[in-house]
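Participant: What follows is a predicted structure for the sequence shown.
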Amino acid sequence: MSPSSDKPQPKGFALYVGLDEATAREQGIDLAQVVESLKKLTTELVPGTETYAAVALAPPGATGRSVDIVRLALQEPSAVARFSSDDEPEPSDGDGGVVIDISRKRVLIDYQGAPLTYKEFELLQHLVIHKGDTVKREDIISALWREDDLDIPNERTIDVHVRRLRAKLGRFEDIIRTVRGVGYRYDTHPDVTVLYPGTHSPDRL
């Protein structure tokens with residue numbers, strides 16, 4: 001009997017691997033080689049199979065099992081649900097400031113929710129995770145859009161996304177800095193509180 005067409009059907013799988021570059025080098029290999037070997041094995045087992053690999057980036061000091069850090073960094077739903085805090089975020093001092101709640105995917109400005117779109121939040125989150133680093137426009141595109149997306153922007157379009165995000169941040173728009181000719185950067189800001197998934201470490205992601 002053929003499977004019912006009105007039920008979700010498995011179309012593939014995601015394999016999360018907890019392995020950092022230092023550990024790989026100790027074994028005389030690097031992450032790119034591991035990825036290519038796994039992709040090759042897949043196509044050998046099932047010729048013609050399409051694969052897509054994404055490398056998880058976590059801030060220095062991230063704690064916990066490597067595979068859990070990877071799952072969180074890649075926003076695997078069950079991992080996010082497991083490690084998200086059930087407590088309400090506490091706004092920063094002063095007039096309220098900005099709370100970037102990565103665990104709940106929302107931004108509060110002066111205690112009020114900011115009307116960010118999904119992509120605007122993903123863009124802000126990507127810059128926050130890479131705080132202190134200048135993120136190139138092409139890196140933003142590759143991180144936030146998949147190769148098979150129909151609406152993949154160009155570098156000029158990224159500027160439009162940033163401009164719209166800044167407009168919604170209001171008087172805190174300068175937390176996103178422009179690095180002329182390169183890209184954008186988020187630096188630690190006294191008026192910004194970032195809540196990461198989990199409560200044990202502020203750098204956990």
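Facilitator: That came in fine, so what should we check first? Values in this document were obtained by computation on a predicted structure and should not be read as measured data. Residues are numbered from 1 along each chain as shown.
Participant: What helix or strand is the residue sitting nearest the centre point of the chain located in?
Facilitator: In the chain, the residue lying closest to the centroid (C-alpha atoms, centre = their mean) is residue 126, at 5.2 Å. Assessed by DSSP states H and E, residue 126 sits inside helix 118-129.
Participant: repeat for residue 188
Facilitator: Following DSSP H and E, there is no helix or strand that holds residue 188.
Participant: where does this protein have low pLDDT?
Facilitator: For the chain, applying pLDDT under 70 flags the ranges 1-7, 57-64, 72-73, 75-96, 148-150, 153, 197-205.
Participant: Look at residue 160 and say how many residues are nearby.
Facilitator: Around residue 160 there are 10 other residues, counting by other C-beta atoms under 10 Å. C-beta coordinates here come from the backbone N, C-alpha and C atoms, glycine included.
Participant: quick one: contacts of the one helix or strand it maps to?
Facilitator: Using DSSP H and E, residue 160 falls within helix 155-169. Helix 155-169 is contacted by residues 98, 107, 109, 114-116, 119-120, 123-124, 137-138, 140-141, 153, 173, 175-176, 178, 184 when judged by C-beta atoms under 8 Å, 6 or more residues apart in numbering.
Participant: so how far is it from its chain's centroid?
Facilitator: Put simply, helix 155-169 sits 18 Å off its chain's centre (C-alpha atoms, centre = their mean, to the nearest Å).
Participant: Next, the angle from it to helix 118-129.
Facilitator: Helix 155-169 and helix 118-129 are oriented at 90 degrees to each other (axes from the mean of the first three to the mean of the last three C-alpha atoms, to 10 degrees).
Participant: Tell me which strands the very next helix or strand once past helix 155-169 pairs with, and in which orientation.
Facilitator: With elements assigned by DSSP H and E, the helix or strand that comes after helix 155-169 is strand 176-179. Using DSSP bridges, strand 176-179 pairs in its sheet with strand 183-186 (antiparallel).
Participant: Show me what the helix or strand hosting residue 142 is packed against.
Facilitator: Element membership of residue 142 [criterion: DSSP H and E] is helix 137-144. Helices and strands touching helix 137-144, by 3 or more C-beta pairs under 8 Å, 6 or more residues apart in numbering; DSSP states H and E, are helix 118-129, helix 155-169, strand 183-186.
Participant: what's the angle between the longest one and helix 137-144?
Facilitator: In terms of direction (the same axes, to 10 degrees), helix 155-169 departs from helix 137-144 by 70 degrees.
Participant: still on that earlier bit, now, of the contacts of helix 155-169, which are buried?
Facilitator: Those of the contacts of helix 155-169 that meet the buried threshold are 98, 107, 109, 114, 116, 120, 123-124, 137, 140-141, 153, 175-176, 184, by 16 or more other C-beta atoms under 10 Å.
Participant: State the pair within those residues that is farthest apart.
Facilitator: Spanning the widest gap among these are 109 and 141, at 26.5 Å by C-beta to C-beta.
Participant: one step back: list the buried residues of the helix holding residue 160.
Facilitator: With burial defined by 16+ other C-beta under 10 Å, the residues of helix 155-169 counted as buried are 158, 161-162, 165-166, 168-169.
Participant: so which of the residues you listed comes closest to residue 51?
Facilitator: Nearest member of the buried residues of helix 155-169 to residue 51, counting by C-beta to C-beta, is residue 158, at 26.5 Å.
Participant: Before I go, just wanted to say thanks for your time.
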